[in-house]
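A.B. asks: Curious how this folds, go ahead:
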Amino acid sequence: MSVSSYLFAYGLLLTSGVIILRLIVRRDYLRRGELSLVAAMLQALLFFAYGGFPYFYLPGDWPATHVNRFVHLFGLVAIIVGLGGLFYGMIVLGLLPSIGRGRNRLAQSGIYRKSRNPQALACGLYVLGFTVLWPLWYALGWAILYAILIHIMIITEEEHLLRAHGEGYVKYGRDVPRYFSLRSWNSPETTI
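C.D. replies: Numbers count the residues shown, from 1 in each chain. Coordinates of the predicted model:
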């Protein structure tokens, strides 16, 4: 893949992300209090397109490994744990709420006591695993693109959750980090 093709696809994904997440998804949260089927599908399509992006730049001998065994094992574990954490988070929260639809309750138990966005962290671990297994500047760009897109999505969701849950979400935000904090894993469990 040429650098210009990569940058074009990267820019297209980033622009699509801003339009879908900050305009369409945000508008639905403001107007409906949840995502319409179209907005949920567009958001899913954005992340499916993002997930397929590496196929544009991975080397022709993919999935051959060009890293030592320890790094290879670390990458595979990160991918497996990331996928497991993503699905576990979806089970805990529920499928419909995970895609911005369904019941409107604030999840504050289990893994949601340690991070307000454990699914995003788990998916980030998955992305990190791929980046470690194929240490190319293209992969680093892919990881950075994930961080940007997921942050935009989280900011949009937080605006909605603040409107929907008011002071309850403010308190939750004070008690639980947006992403991750070692302190939150070392502190004793508290009842919310």
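A.B. asks: Let me know the pLDDT of the most centrally placed residue in the chain.
C.D. replies: Centroid-nearest residue in the chain: residue 120, 3.2 Å away (criterion: C-alpha atoms, centre = their mean). Turning to residue 120, the model gives it a pLDDT of 94.
A.B. asks: Does it lie in a helix or a strand, and which?
C.D. replies: When elements are defined using DSSP states H and E, residue 120 is found to belong to helix 118-133.
A.B. asks: after that helix comes which helix or strand?
C.D. replies: Assigned by DSSP H and E, the successor of helix 118-133 is helix 137-165.
A.B. asks: Run the angle between that following helix and helix 118-133 for me.
C.D. replies: 180 degrees (axes from the mean of the first three to the mean of the last three C-alpha atoms, to 10 degrees).
A.B. asks: and helix 137-165, what other elements does it pack with?
C.D. replies: Secondary-structure packing of helix 137-165 (3 or more C-beta pairs under 8 Å, 6 or more residues apart in numbering; DSSP states H and E): helix 3-17, helix 26-32, helix 37-52, helix 54-57, helix 118-133, helix 167-175. No exception for glycine: its C-beta is placed from N, CA and C like everyone else's.
A.B. asks: quick one: which of these is nearest residue 69?
C.D. replies: When these are compared by C-beta to C-beta, helix 118-133 sits nearest residue 69, at 11.9 Å.
A.B. asks: follow-up on the earlier one: which strands and helices sit next to the helix holding residue 120?
C.D. replies: Going by 3+ C-beta pairs under 8 Å, 6+ apart, helix 118-133 lies up against helix 69-93, helix 137-165.
A.B. asks: Let me have those helices in TSV, adding distance to residue 8 and mean pLDDT as columns.
C.D. replies: Below are those laid out as TSV (distance: least, C-beta to C-beta, whole Å; pLDDT from 0 to 100):
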stretch	distance to residue 8	mean pLDDT
helix 69-93	27	91
helix 137-165	13	93
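A.B. asks: Would you convert these into JSON lines that also reports distance to residue 31 and mean neighbour count?
C.D. replies: Output for the helices and strands packed on helix 118-133, formatted as JSON lines (distance: least, C-beta to C-beta, whole Å; neighbours: other C-beta atoms under 10 Å):
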{"stretch": "helix 69-93", "distance to residue 31": "23", "mean neighbour count": "15"}
{"stretch": "helix 137-165", "distance to residue 31": "11", "mean neighbour count": "17"}
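A.B. asks: closest to residue 55 out of these?
C.D. replies: helix 137-165 (10.9 Å).
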